[in-house]
Structures are given as C-alpha cells and as structure tokens.
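*Asks:* The following comprises the amino acid sequence and a computationally predicted model.
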Amino acid sequence: MPSYHIITYGCQMNEHDSENIAGLLEAMGYEHTPDSSKADVVVMNTCSIRENADKRFFGSLGQFKKYKKTNKDFIMCVCGCMPQQPRIIEKIKESFSWVDILFGTQTIGEFPKLLSERIRTGRKQISIIDNSPDIPEVIESKRMFRHKALVNITYGCNNFCTYCIVPYTRGREKSRSLKDVVCEIRRLAEDGVKEVMLLGQNVNSFRDSEGNRFADLIKAVDEIEGIERIRFMTSHPKDISDELIDCYRTCSSLCNNIHLPVQAGSDSLLKRMNRHYTRAQYLEKVAKLREVSPDITISTDIIVGFPGETDEDFEDTLSLVKEVRYDSAFTFIYSPREGTPAAEFEDQIPERLQHERFDRLVDAINEISLEKNQAYVGREVEVLVEGISRNNDKALSGRTDDFKLVNFTSEAPLDEEMIGKAVKVRITDAKTFSLDGVITE
Ligand code: SAH
Ligand code: SF4
Ligand code: F3S
C-alpha cells in the first residue's frame with residue numbers, strides 16, 4: 001500500500017485541513033506513516049502568519065529533496081497559506097522546482113485529482129485560487145482524536161487588520177449553513193465525538209443565508225445529543241453579541257472559557273491595527289461575560305512592537321493585562337508581512353525594544369497565569385482525558401471544561417482506554433501553564 005505523511009504548521013484551521021487531506025488520501029488507498037522518509041507522498045501544510053514561519057518553511061522544505069533520490073516515485077506536495085501568495089509560488093518554482101504539487105487553502109478538494117494527474121502524466125500540478133466564492137464541500141476527515149472534532153463554520157476573513165496576512169491567504173469570509181453544520185456534528189456525535197471546536201477566523205460574524213447568527217448556531221449545537229462540550233475559535237471582540245454572551249448562561253454544553261484576542265491595550269494602536277473597538281469597549285465585553293459567568297476563563301493574543309508603539313502605548317497593554325487578569329495569553333512580536341498595510345508604516349520599532357517589551361509583557365502574564373492556577377489547588381475538577389502526559393509518561397493529561405490543562409496520576413494503573421472519558425481529579429499543584437493532580441474517581 002502506498003503511504004503518506006503530513007507536516008502541519010499554523011493554526012487549527014490548518015490542523016483541520018490536514019485531517020481532511022488525510023481523509024482524502026486514505027480514500028485513495030494511501031496509509032499513514034509516522035516516518036516521512038518511508039512515505040510515497042509528503043504533504044507540507046504551511047503557515048505564513050509571521051516571518052519566522054516563512055523561514056522555517058523554506059528551511060524544512062529543502063530536506064525532502066533527497067527522498068527523490070531514494071524513491072523515484074516520491075511526490076512532494078505543498079499546500080496551506082504559503083502558496084496562496086504569488087511571490088512564494090515564484091520562489092518555489094525558482095529554487096524548489098522538484099516540488100510536484102502545489103495547492104491552496106481553497107482548492108483542497110481538488111487534491112486527489114491533482115495527485116492522480118501527477119502520477120498519470122508525470123507533470124507538475126498547481127491549483128491555487130485567491131478567492132473562491134464557493135464554500136468547500138465537507139470532506140470525510142481523519143480525526144486526530146476519537147472524542148473531539150474540529151468543525152469549520154466560516155472560511156476566510158473580511159477584517160483586514162493592518163498587520164495580518166490571513167485575509168490574503170484565506171480569501172473573503174463565507175459562512176456554512178447552520179443546517180449543514182448541525183448535520184455534520186450530529187454525525188460526529190454518532191461516531192463518539194463529545195467535544196467540538198467550532199472554527200472560523202471570526203466565528204462571531206457567522207451568518208447563514210437564512211439569517212442565523214453565531215448564537216443561534218451555539219444553541220442548535222447545544223441540543224445535539226452526545227455533545228458535552230462546545231468550544232469556538234476565534235471570536236473578534238467587535239462582534240461579540242449580547243445573545244452570544246447569554247449562551248454562557250443558557251447552553252449547558254458551552255465551555256466556560258473564551259479566547260478573546262485583544263492585540264493591544266491602547267486606543268491609538270487599536271485604531272492603527274484596524275481592530276474596530278476601543279480599550280473601553282473591550283473591557284465592557286469582558287465585564288459582561290463575567291457578569292453572566294463570574295468564573296469564566298479568558299485567554300488572548302497580544303502583539304508587541306507594532307509600528308508606532310510608544311512607551312505609553314505599551315504601558316496601556318501592560319495595564320490592560322493586569323486589569324483583565326487573563327488565564328493565559330499568546331504573545332507575538334510584530335512581524336511585517338509583505339502586502340499588508342502595516343508593513344509599509346514608517347515608524348517600525350527597533351528589534352531590541354520589541355524584545356525588551358515582549359519580555360516584560362510575558363513576565364506580567366505568567367505571574368497572573370500562575371496565580372490564577374494556584375486558586376485551583378485543593379479543588380476537584382472534571383477532566384476529559386486526552387492522552388499520555390507530555391512530560392511524564394506515567395501520567396495522563398486532559399482539559400477541564402474551562403480549558404485548564406491537567407496532568408494527573410492514579411494509584412491504579414492508567415490505561416489508554418480512559419482517553420475520551422471524563423474523570424474526577426483533585427488538583428495538588430499549580431504551574432504557569434498547567435495543573436497537576438491525582439485521580440479520585
Ligand atoms: N482570526 C484570529 C487570529 C488569527 S492569527 C483573530 O482575529 O483573533 C493569530 C494571531 O497571530 C493574531 O491574533 C495575532 O495576535 C497574531 N498575528 C497575526 N499577524 C501577525 C503579525 N504580522 N505579527 C505578529 N503577530 C501576528
Ligand atoms: Fe487576521 Fe484580523 Fe482576520 Fe484575525 S480578524 S484573521 S487578525 S485580519
Ligand atoms: Fe497561519 Fe494561515 Fe492559520 S497564515 S495562522 S495557517 S490561517
């Protein structure tokens with residue numbers, strides 16, 4: 001049987017696309033191999049969000065050329081956000097001409113045809129489009145987990161934050177229909193899925209042709225038997241509706257957690273980023289969420305060193321972090337992306353200053369994360385088991401409803417059968433990014 005190997009960079013959209021690509025390859029009779037050097041087909045699913053993602057990509061692409069020597073039928077494919085940019089396609093054609101197939105984020109469904117054509121004719125295949133008006137067909141994907149699933153609800157993005165490449169690599173925003181999404185999740189529930197992650201660059205702007213909004217979708221998924229946990233990613237602060245906030249009160253399966261990227265704490269930076277909310281409006285959304293659900297956990301994304309960021313702007317970001325007291329935050333040093341407006345802004349921040357601010361911000365965030373986690377010590381929490389713990393192969397790990405990562409041990413032998421089950425764990429220790437505990441039930 002021919003075999004395949006997929007390497008995935010980037011966000012959960014890409015992870016889900018890779019699950020779909022795996023599904024397509026298996027339907028063609030390929031089987032997965034964990035060892036890329038044994039694979040007949042290698043697919044690299046790429047990300048372009050920051051410059052170092054570009055560098056990493058070209059660095060690791062080069063290493064696959066040698067497989068052409070040991071396996072004359074070896075086929076190299078590149079997909080994802082990189083080849084959506086004309087300059088990258090040019091560079092691949094120029095310096096990596098041995099790559100066999102290139103396809104984009106909106107042409108995944110064509111991959112089987114491209115692969116068959118490549119095998120039949122020996123010719124290189126390219127299928128990229130900038131902006132498809134169509135909603136991709138749902139593919140029978142090969143899930144990474146039995147008990148949890150990623151589900152696309154919107155594709156693309158219309159927000160054009162001035163720093164961001166995504167609107168150029170994923171095209172204009174399109175919503176699936178509520179009916180289709182519910183149908184897919186019902187099938188997933190029948191297949192043993194307990195947790196769904198609803199995916200979109202801005203899930204709050206979901207709107208289908210019948211006028212259903214994101215809150216309607218959450219309510220509909222909440223009714224599906226077997227689905228115990230609903231998560232979503234990512235929500236844009238400007239579009240969080242009161243209806244959605246109310247779902248935290250009315251929908252029992254909606255997890256008590258939200259990822260709400262703020263990006264910056266100063267109004268002038270938020271404006272230059274084209275985020276369409278002020279600091280005060282953001283804080284008001286947080287207050288409303290906490291009014292409905294006082295112990296909701298909140299995480300965020302923050303960019304430091306954005307062009308024109310003054311000391312004052314940065315202090316505003318620090319003070320916002322201390323005011324909101326995030327459970328966790330992803331912090332990024334601003335990275336100019338060719339073709340985006342911010343890359344042309346004149347007042348770029350020197351690297352040394354960016355790093356200095358970044359370190360100060362991370363310290364502030366980590367201190368708060370640890371304090372937040374310490375409040376869990378002694379408590380009993382329910383954990384949905386996900387697998388063997390990363391840092392201790394005698395322990396298992398999983399997530400609480402409010403998205404805390406818990407590593408836990410038990411006196412009885414742990415077995416993999418527990419994966420996907422809910423267990424009670426008493427928390428014994430808190431770290432910055434995780435909790436430790438022992439199983440009680
Ligand atoms: N659609 C999501 C974010 C997708 S990108 C949203 O709007 O929340 C994930 C994160 O990468 C962003 O939230 C932002 O913090 C960061 N990011 C995007 N472009 C960046 C850039 N050019 N430099 C540094 N960080 C960036
Ligand atoms: Fe990028 Fe902004 Fe769209 Fe998020 S909302 S994907 S940060 S343009
Ligand atoms: Fe990267 Fe594309 Fe996601 S640029 S973050 S893989 S949408």
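*Replies:* Ah, there it is. Predicted, not measured: the structure shown is a model, and the values here were computed from it. Ligands and ions are numbered 1, 2, ... in the order given.
*Asks:* What about the closest residue to ligand 3 within the stretch 201-350 of the chain, how many residues nearby?
*Replies:* Using Cβ to the nearest ligand atom, residue 201 is the residue of the stretch 201-350 of the chain that sits closest to ligand 3, at 6.9 Å. C-betas here are computed from N, CA, C, even on glycine. Other residues lying near residue 201 total 21 when counted by other Cβ atoms under 10 Å.
*Asks:* any idea how far residue 365 is from it?
*Replies:* Counting by Cβ to Cβ, to the nearest Å, the gap from residue 201 to residue 365 is 23 Å.
*Asks:* same thing with residue 88?
*Replies:* From residue 88 across to residue 365, the span is 33 Å (Cβ to Cβ).
*Asks:* same question, residue 243
*Replies:* For residue 243, the distance to residue 365 - Cβ to Cβ - is 30 Å.
*Asks:* same question, residue 217
*Replies:* From residue 217 to residue 365 the distance is 31 Å (Cβ to Cβ).
*Asks:* Among the two, which residue is more densely surrounded?
*Replies:* residue 217 (27 against 24).
*Asks:* Pull the contacting residues for that one.
*Replies:* Applying Cβ atoms under 8 Å, 6 or more residues apart in numbering to residue 217 gives the contacts 153, 178, 181, 182, 198, 206.
*Asks:* interface residues of the stretch 101-250 of the chain facing ligand 3?
*Replies:* 165, 166, 169, 170 (Cβ under 6 Å from any ligand atom).
*Asks:* between those residues, which has the most around it?
*Replies:* residue 169 (27 neighbours).
*Asks:* Was I right to think that one contacts residue 88?
*Replies:* No - counting by Cβ atoms under 8 Å, residue 88 is not a contact partner of residue 169; they are 9.7 Å apart.
*Asks:* Can I take it that residue 224 is in a helix?
*Replies:* No - according to DSSP: H, G, I helix; E, B strand; the rest coil, residue 224 belongs to no helix; its state is coil.
*Asks:* For it, which residues are in contact?
*Replies:* Contacts of residue 224 (Cβ under 8 Å, 6+ apart): 182, 185, 186, 189.
*Asks:* repeat that for 10 Å
*Replies:* 182, 185, 186, 188, 189, 190, 193, 196, 230, 253 (Cβ atoms under 10 Å, 6 or more residues apart in numbering).
*Asks:* picking up where we left off before, mind picking the two most distant members of the contacts of residue 217?
*Replies:* Pairwise distances across the contacts of residue 217 (Cβ to Cβ) peak at 12.7 Å, for the pair 182 and 206.
*Asks:* When those two are compared, which one has more neighbours?
*Replies:* residue 206 (24 against 15).
*Asks:* Contact partners for that one?
*Replies:* So residue 206 contacts 153-154, 173, 175-176, 178, 181, 198, 200, 212-218, 232, 239 (Cβ under 10 Å, 6+ apart).
*Asks:* please redo it, this time with the cut-off set to 7 Å
*Replies:* 153, 154, 175, 200, 213, 214, 217 (Cβ atoms under 7 Å, 6 or more residues apart in numbering).
*Asks:* which residue packs closest to it, ignoring adjacent ones?
*Replies:* The shortest distance from residue 206 to any non-neighbouring residue, by Cβ to Cβ, 6 or more residues apart in numbering, is to residue 214 (4.2 Å).
*Asks:* Against ligand 1, how distant is the one you found?
*Replies:* Between residue 214 and ligand 1 the computed distance is 14 Å (Cβ to the nearest ligand atom, to the nearest Å).
*Asks:* what's the next secondary structure element after the worst-scoring helix or strand of the chain on mean pLDDT?
*Replies:* Ranked by mean pLDDT, DSSP states H and E, the weakest helix or strand in the chain is helix 51-62, scoring a mean of 88. Using DSSP states H and E, the helix or strand that follows helix 51-62 towards the C-terminus is helix 67-70.
*Asks:* What parts of the chain come near ligand 2?
*Replies:* So the chain meets ligand 2 at 157, 159, 160, 161, 164, 166, 167, 201, 202, 236 (Cβ under 6 Å from any ligand atom).
*Asks:* nearest to residue 66, of the residues you listed?
*Replies:* residue 166 (32.9 Å).
*Asks:* Am I right that the closest one is in contact with residue 155?
*Replies:* No - with contact defined as Cβ atoms under 7 Å, residue 166 does not count as touching residue 155 (11.0 Å).
*Asks:* Spit out the residues that contact these two alike.
*Replies:* With Cβ under 7 Å, 6+ apart, residue 166 and residue 155 have no common neighbours.
*Asks:* re earlier: list only buried entries from the contacts of residue 224.
*Replies:* 185, 186, 188, 189, 193, 196, 230, 253 (16 or more other Cβ atoms under 10 Å).
*Asks:* Nearest to residue 103 among those?
*Replies:* residue 188 (25.6 Å).
*Asks:* Which residue, other than its chain neighbours, is closest to that closest one?
*Replies:* residue 149 (4.8 Å).
*Asks:* which SS state does the one you found fall under?
*Replies:* When classified by three-state DSSP, residue 149 comes out as strand.
*Asks:* Kindly report the same for residue 381.
*Replies:* strand.
*Asks:* Let me know the pLDDT of it.
*Replies:* You'll see residue 381 listed with a pLDDT of 98.
*Asks:* Let me see the contact set for it.
*Replies:* 400, 406, 425, 427.
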